[in-house]
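[1] following is a predicted model, sequence given first.
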Amino acid sequence: MSAFKAFKACAPIAWTPNIYITLVRGMPGTRRLHRRTLEALRLRKCNRTVMRWNTPTVRGMLQQVKRLVVIETEEMYNARKQKVENHRAPRPPLVVTHPPAPGSDSS
């Protein structure tokens, strides 16, 4: 299972006025129409996310490039960002204490 599908599974799907679109596949080798659609959505580089209104026009554009992008609701996007933030959070240092060797005398 891909990482994005795992994030989608974490958050319940509900209708929201905004959708988050992430470009996950590169533009080289795609049709000119698809490249123009991605430019209209302002997706220029891979792994970049933009927020757009959930309108029929935008959904029609996403239907054209659905194999190149991942679409998330606001809850999914926030859950994914929270998971990444928790993963990058500083952790306490690991302290290892070794017992003294049985045959060594320090005096």
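    Nice, thanks for sending it over.
[2] CA only for contacts and neighbour counts going forward, please
    Will do.
[3] all helices for the chain, in order.
    Along the chain, the segments classed as helices by DSSP state H run 3-10, 32-40, 56-64, 74-88.
[4] who does the longest one touch, helix- and strand-wise?
    If I follow you right, that is helix 74-88. helix 3-10, strand 18-23 (3 or more Cα pairs under 8 Å, 6 or more residues apart in numbering; DSSP states H and E).
[5] how about the shortest one: buried residues?
    Of the residues in strand 18-23, those buried by neighbour count under the rule 16 or more other Cα atoms under 10 Å are Ile19, Tyr20, Ile21, Thr22, Leu23.
[6] burial count for the residue nearest to Leu38 when sequence neighbours are not counted?
    Excluding the flanking residues, the one nearest Leu38 by Cα to Cα, 6 or more residues apart in numbering is Arg44, at 7.0 Å. Neighbour count of Arg44, defined by other Cα atoms under 10 Å: 15.
[7] separation between Arg44 and Pro100?
    Look at Arg44 and Pro100: by Cα to Cα, to the nearest Å, they are 59 Å apart.
[8] the residue nearest to Leu38 against His34, yeah?
    No: assessed by Cα atoms under 8 Å, Arg44 is found out of contact with His34, at 11.8 Å.
[9] nearest residue to Tyr20 in space, please, no chain neighbours.
    Nearest non-adjacent residue to Tyr20 (Cα to Cα, 6+ apart): Met51, at 4.5 Å.
[10] quick one: residues contacting that neighbour.
    Asn18, Ile19, Tyr20, Ile21 (Cα atoms under 8 Å, 6 or more residues apart in numbering).
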